[in-house]
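K.L.:
okay, predicted coordinates and the sequence, questions at the end:
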Amino acid sequence: MAASQAVNWQWENAAAGSVAGLATVTFSHPLDVVRTRFQVNDGRNPHVPSYKNTRQALFTIARSEGLRGLYAGFYPAVLGSTISWGLYFYFYSKAKQRYLKNRDKLTPGLHLASAAEAGGLVCVLTNPVWLVKTRLQLQTPQHQTRPYSGFHDALKTVVKDEGWKALYKGLVPGLFLQVSHGAIQFTAYEELRKVLVNFRFERSVLISGSADLLTTIDYATLGASSKLAAILVTYPFQVIRARLQQRPGINGVPRYMDSWQVMKRTARLEGLNGFYKGITANILKNLPSSSLTFVVYENILNMLKLARAKE
């Protein structure tokens, strides 16, 4: 592949990823709010509301806080998702292109390395956005400290009250999450896609003498299946990160000092279930959104390739 074609391909991946991320976050954000509130509810913070289940949480937030509560932290979620998906697909495709040099195809290990590399870079660049999103989602009418008025106010307040390092709270579990989650998801996606393409190719040749492209349903199924595998393995990292990113109490003391403290307290006081709080909302949010993301991504990528081929 020529250098100019490789650059075009990488930016096409970035554009497709950004549009895909933007499309999904709009529809799934209320479930993201519910998931975050479940994750930080360790039973010791009186300002975090308790809910029985995902359905009851959605109705309670809608009734007591309205649409603003259901869409708390929406702006940083859109910003973070759009930037993250765009950068992720860009770094991922760039890494794959680099590993493809002098090779006919990538091995599962190289897919894993590409995804891990992309995840780590994205996490470092976007952690401040996710921290602000978490804090805005946890603001309730019962919150005792001055509420943030929005994304920019939250950023300024965090830096002023806690220092710029506070913007990187939760970075360590975030790195583990991004690297492992993305690596598992994209490796599963690529390998399942390969199996499905081979199956479709053989079947199409036998039936009609020609090979058909994968369908939208195929992309949706691949996206959901790979996402479920990644969620089940990596979800505890999300809980640890959310608990570290909470706003300090009135006295300015963080509720947890580091990841190790979160793990010890959660394991001792809540057991294994504590590491999977909010997973129902997470699955309901991420499986459909992952399906939609990959459907949008693959179709936009195909559209861009067709447009470039006509030039």
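P.N.:
Cool, the structure landed.
K.L.:
could you pull out the helices for the stretch 201-311 of the chain?
P.N.:
216-244, 259-269, 271-274, 279-310 (DSSP state H, counting those that start in this stretch).
K.L.:
so which of the ones you listed is the most packed in?
P.N.:
When neighbours are counted by mean count of other C-beta atoms under 10 Å, the highest per-stretch mean among the helices of the stretch 201-311 of the chain falls to helix 216-244, a mean of 21. In this view, the C-beta of every residue, glycine as well, is placed from N, C-alpha and C.
K.L.:
what packs against it?
P.N.:
Using 3 or more C-beta pairs under 8 Å, 6 or more residues apart in numbering; DSSP states H and E as the contact criterion, the neighbours of helix 216-244 among helices and strands are helix 3-40, helix 171-208, helix 259-269, helix 279-310.
K.L.:
dump these into CSV; add mean pLDDT as well.
P.N.:
Written out in CSV, the entries for these read as follows (pLDDT from 0 to 100):
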stretch, mean pLDDT
helix 3-40, 76
helix 171-208, 81
helix 259-269, 96
helix 279-310, 82
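K.L.:
tabulate the ones you listed (TSV), appending distance to A220.
P.N.:
Formatted as TSV, those follow (distance: least, C-beta to C-beta, whole Å):
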stretch	distance to A220
helix 3-40	12
helix 171-208	12
helix 259-269	34
helix 279-310	4
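K.L.:
so which of the ones you listed is nearest T107?
P.N.:
The stretch from those with the least distance to T107 (C-beta to C-beta) is helix 171-208; that distance is 10.3 Å.
K.L.:
any low-confidence regions in the stretch 51-200 of the chain?
P.N.:
Across the stretch 51-200 of the chain, the ranges flagged by pLDDT under 70 are 142-144.
K.L.:
one more time with 80
P.N.:
Low-confidence segments of the stretch 51-200 of the chain, defined by pLDDT under 80, are located at 82, 85, 102, 108, 141-145, 182-183, 200.
K.L.:
how near is the nearest residue to F176 once chain neighbours are set aside to E65?
P.N.:
When the adjacent residues along the chain are set aside, F176 lies closest to F237, with 5.0 Å between them (C-beta to C-beta, 6 or more residues apart in numbering). To E65, F237 is 28 Å away according to C-beta to C-beta, to the nearest Å.
K.L.:
try A15
P.N.:
Remark: distance between A15 and E65 (C-beta to C-beta) = 35 Å.
K.L.:
ranges for the helices of the stretch 51-200 of the chain?
P.N.:
54-70, 74-99, 108-137, 151-162, 171-208.
K.L.:
closest one to F275 among those?
P.N.:
With distances scored as C-beta to C-beta, the stretch of those nearest to F275 is helix 171-208 (11.2 Å).
K.L.:
quick one: that closest one to helix 216-244, angle?
P.N.:
Interaxial angle of helix 171-208 relative to helix 216-244 (axes from the mean of the first three to the mean of the last three C-alpha atoms, to 10 degrees): 170 degrees.
K.L.:
what is helix 171-208 packed up against?
P.N.:
When contacts are defined as 3+ C-beta pairs under 8 Å, 6+ apart, helix 171-208 sits against helix 74-99, helix 108-137, helix 216-244.
K.L.:
E162 is nearest to which of the ones you listed?
P.N.:
Among those, the nearest to E162 by C-beta to C-beta is helix 108-137 (10.3 Å).
K.L.:
just the angle between that closest one and helix 171-208, please?
P.N.:
Helix 108-137 and helix 171-208 are oriented at 130 degrees to each other (the same axes, to 10 degrees).
K.L.:
now do helix 108-137 against helix 74-99, angle only.
P.N.:
Here helix 108-137 runs at an angle of 170 degrees relative to helix 74-99 (the same axes, to 10 degrees).
K.L.:
helices and strands around helix 108-137, which ones?
P.N.:
In terms of contacts (3+ C-beta pairs under 8 Å, 6+ apart), helix 108-137 is packed against helix 3-40, helix 74-99, helix 151-162, helix 171-208.
K.L.:
could those go into CSV alongside mean neighbour count and distance to L232?
P.N.:
Listed next are the helices and strands packed on helix 108-137 as CSV, based on neighbours: other C-beta atoms under 10 Å; distance: least, C-beta to C-beta, whole Å:
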stretch, mean neighbour count, distance to L232
helix 3-40, 20, 15
helix 74-99, 21, 20
helix 151-162, 16, 31
helix 171-208, 18, 9
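K.L.:
can you list the ones you listed in TSV and add distance to K310?
P.N.:
Listed next are these as TSV, based on distance: least, C-beta to C-beta, whole Å:
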stretch	distance to K310
helix 3-40	13
helix 74-99	22
helix 151-162	40
helix 171-208	24
